[in-house]
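**Student:** sequence isn't available, so here's the structure alone:
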């Protein structure tokens, strides 16, 4: 049985759709990524899976336990680590007091190691901590009891690059030991580095589930070529060519077959050629063409660095 088996999961807030007919499975030991822009429904899906929201219809199992059955859900939660996108930590407690409480509920076999690993000062009051240090507290709480399944919603939010690398190493270590991970991230590069497969959510619906490599292939290849001949723009305006720029070096995005690209270049004397994968955000945008118009807009913002924001200005509950 999959670690997560989601079947037609649907959540409405009155007449407003949070998620609709979401179905996917995450196998044991897999890292599964959730991608989608602002308000797409990723956090609604996670919160409904965990029983924090009651589904309008459909259902799911976590580690073989029915999430719509309170007794079974409680048993599943004992074996799960959860990091919410906006951890609701008690700001009047110290980090130590908060983690002591979590340890009493679920255990703390890895606590000391994680506190040292993330450089967390447990003596400080949570309300006095920076955003990044509060995220460290939440990460330690999610991981310290050695859960079999991790549900992580934007886990590196607020962490500096070095700690992001430490987090990635921690996830890989846990997966090597058999842990399963569902990861909703606002950083496309993070998903590419950590995830085996990706689910893309659009307006509450899961529009694709595929491997990271299959997702990347949607964006095509970035081609830069320098040839001996003087070339016209028309010579490269063929099927499969996008974003064409012609100068001393010809550059374009190639979405066709390799054989067709070789045939195209065969008519020139090639001095230099570079072919690389297109940035992952280009592949992601194939699911959102027409919806996301401006870089950095509130809804569905995709930055030049490959980040997809997941705030929800229209309906905070949808997250």
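**Tutor:** Here it is on my side, so go on. Quick caveat, the model's predicted, so the values are computed rather than measured. Residues are numbered from 1 along each chain as shown.

**Student:** domain ranges for the chain, per the record?
**Tutor:** Domain ranges of the chain: 4-79+148-215, 220-277, per automatic domain parsing.

**Student:** between those domains, which gets nearest to residue 117?
**Tutor:** domain 4-79+148-215 (6.4 Å; C-beta to C-beta). (Glycine included, C-beta is placed from N, CA and C.)

**Student:** quick one: end-to-end distance for the closest one.
**Tutor:** End-to-end distance of domain 4-79+148-215: 21 Å, with C-alpha to C-alpha, to the nearest Å as the criterion.

**Student:** state the mean pLDDT of that domain.
**Tutor:** Averaged over domain 4-79+148-215, pLDDT sits at 92.

**Student:** again with stretch 236-252
**Tutor:** 91.

**Student:** so how far is that stretch off the chain centroid?
**Tutor:** In terms of C-alpha atoms, centre = their mean, to the nearest Å, the centre of stretch 236-252 is set 32 Å apart from its chain centre.

**Student:** how about that stretch: buried residues?
**Tutor:** Buried positions in stretch 236-252, judged by neighbour count with 16 or more other C-beta atoms under 10 Å: 236, 241, 250-252.

**Student:** now, which of these lie within strands?
**Tutor:** Using DSSP state E, 241, 250-252 are the members of the buried residues of stretch 236-252 that sit in strands.

**Student:** could you dump the buried residues of stretch 236-252 to a markdown table with distance to residue 66?
**Tutor:** A markdown table is the format used below for these (distance: C-beta to C-beta, whole Å):
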| residue | distance to residue 66 |
| --- | --- |
| 236 | 57 |
| 241 | 51 |
| 250 | 58 |
| 251 | 53 |
| 252 | 51 |
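
**Student:** and of these, the nearest to residue 131?
**Tutor:** Using C-beta to C-beta, the buried residues of stretch 236-252 come closest to residue 131 at residue 251, 38.8 Å.

**Student:** how many neighbouring residues does the closest residue to residue 227 other than its chain neighbours have?
**Tutor:** Distances taken as C-beta to C-beta, 6 or more residues apart in numbering place residue 268 nearest to residue 227, at 4.0 Å, with adjacent residues excluded. For residue 268, the tally of surrounding residues (other C-beta atoms under 10 Å) stands at 16.

**Student:** which stretches of this protein form helices?
**Tutor:** Ranges of helices within the chain are 42-49, 70-77, 95-106, 111-117, 131-143, 161-176, 188-194, 212-217, 258-265, 280-285, based on DSSP state H.

**Student:** ok, residues contacting the fourth one?
**Tutor:** Contact with helix 111-117 is made by 99, 103, 120, 122, 139-140, 143-144, 166, 170, as judged by C-beta atoms under 8 Å, 6 or more residues apart in numbering.

**Student:** hmm, back to that, surely the residue nearest to residue 227 touches residue 230?
**Tutor:** No: counting by C-beta atoms under 8 Å, residue 268 does not reach residue 230; the two are 10.4 Å apart.

**Student:** right, so the domains of the chain: which one is the most enclosed?
**Tutor:** Comparing the domains of the chain by mean neighbour count (mean count of other C-beta atoms under 10 Å), domain 4-79+148-215 ranks first with a mean of 19.

**Student:** relative to the whole chain's centre, how far out is that one?
**Tutor:** 8 Å.

**Student:** contacting residues around the residue nearest the centre of the chain?
**Tutor:** Central residue of the chain (C-alpha atoms, centre = their mean): residue 185, 3.1 Å from the mean position. Applying C-beta under 8 Å, 6+ apart, we find residue 185 in contact with 33-35, 154-156, 191.

**Student:** go on, residue 275?
**Tutor:** 221-223, 254.

**Student:** now residue 239: how far from residue 264?
**Tutor:** According to C-beta to C-beta, to the nearest Å, residue 239 and residue 264 sit 10 Å apart.

**Student:** ok, residue 237 next?
**Tutor:** For residue 237, the distance to residue 264 - C-beta to C-beta - is 11 Å.

**Student:** ok, now residue 183?
**Tutor:** For residue 183 relative to residue 264 (C-beta to C-beta), the value is 39 Å.

**Student:** again with residue 93
**Tutor:** Residue 93 is 64 Å from residue 264, by C-beta to C-beta.

**Student:** got it, and residue 221?
**Tutor:** 13 Å.

**Student:** what's the answer for residue 67, then?
**Tutor:** Plainly put, residue 67 is 52 Å away from residue 264 if you go by C-beta to C-beta.

**Student:** cool, residue 97 as well?
**Tutor:** 65 Å.

**Student:** right, I'll leave it there.
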